[in-house]
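Chemist: Provided below are the primary sequence and the corresponding predicted coordinates.
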Amino acid sequence: RKEVEQDPGPFNVPEGATVAFNCTYSNSASQSFFWYRQDCRKEPKLLMSVYSSGNEDGRFTAQLNRASQYISLLIRDSKLSDSATYLCVSPDSSYKLIFGSGTRLLVRP
Amino acid sequence: NAGVMQNPRHLVRRRGQEARLRCSPMKGHSHVYWYRQLPEEGLKFMVYLQKENIIDESGMPKERFSAEFPKEGPSILRIQQVVRGDSAAYFCASSPGTPPIYEQYFGPGTRLTVT
């Protein structure tokens, strides 16, 4: 089993839609999690940090379910500019970021 | 406030040559991490360095790869005798403090192509 698993997608949604991605992790000791956004051929950019049960920032909501070991990212009112690959990250016990392979989102007009 | 800087952005090497990738962390950051991203794959941790110290190189291939972060100057990832399988995007990240986890911020990456 991979340490961090994500559905690769692509998720193809119309503008204005709500879309959710799930990510499962295997390290039950992980205390913090991150969602990064990666545009084609560019660096990952930190989107959200999740240190407790969840976090909300504008149209983006991240939730953590420790019992089931999954993290979700919800995007409301999708914009064309949200089209990107979303990377789920579950660090190991210290500093090593373990990345999922990413979920690709395509928002169409 | 300049972010993490990497150069070159693109590097083409023939098989057998050496590749040197440079990374300057964000101002105030003293921890540097290198990750590699193969085509269509996620990022994989390679090495974690502080000034003049390699803290964890468990993700580095055993041969041909080395990294340093000298007292002065950028961090360097060096790949000797490159092979086609080394073609990838190499990202550097930095963070301000001591683990447990601080958020890591990534540079634009160096895209290495081995011909």
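Modeler: Received the coordinates, thanks. As the structure is a prediction and not an experimental result, all values here were calculated from the model.
Chemist: I'd assumed A:Ser52 was in contact with A:Ser32.
Modeler: No: using C-beta atoms under 8 Å, A:Ser32 makes no contact with A:Ser52, being 9.2 Å away. In this view, the C-beta of every residue, glycine as well, is placed from N, C-alpha and C.
Chemist: between these two, who's got more neighbours?
Modeler: More crowded of A:Ser32 and A:Ser52, by other C-beta atoms under 10 Å in any protein chain shown: A:Ser32, with 16 against 9.
Chemist: who in chain A is up against chain B?
Modeler: A:4, A:31-32, A:34, A:41-46, A:49, A:87, A:91, A:93-102 (C-beta under 8 Å from any C-beta of the partner chain).
Chemist: The residue lying closest to A:Gly16 once chain neighbours are set aside - how many residues pack around it?
Modeler: Spatially, and ignoring its direct neighbours in sequence, A:Gly16 is nearest to A:Asp77 (5.7 Å; C-beta to C-beta, 6 or more residues apart in numbering or on different chains). Using other C-beta under 10 Å, A:Asp77 has 11 neighbouring residues.
Chemist: beta partners for B:Leu43?
Modeler: B:Gln37 (DSSP bridges).
Chemist: Hmm, A:Ser26 is touching A:Asp92, no?
Modeler: No: between A:Ser26 and A:Asp92 there is no contact under C-beta under 8 Å: 10.6 Å.
Chemist: Up against chain A, what does chain B have?
Modeler: B:31, B:33, B:35, B:41-45, B:48, B:55-56, B:59, B:89, B:91, B:93, B:95, B:99-101, B:103-109, B:111.
Chemist: Any regions of chain B where pLDDT drops low?
Modeler: B:1, B:98-102 (pLDDT under 70).
Chemist: show me where it has helices.
Modeler: Taking DSSP state H as the test, none of chain B falls into helices.
Chemist: how near is the closest residue to B:Asn7 other than its chain neighbours to B:Gly107?
Modeler: Closest residue to B:Asn7 in three dimensions, ignoring its sequence neighbours and counting by C-beta to C-beta, 6+ apart: B:Arg22, at 5.3 Å. Noted for B:Arg22: a distance of 10 Å to B:Gly107, by C-beta to C-beta, to the nearest Å.
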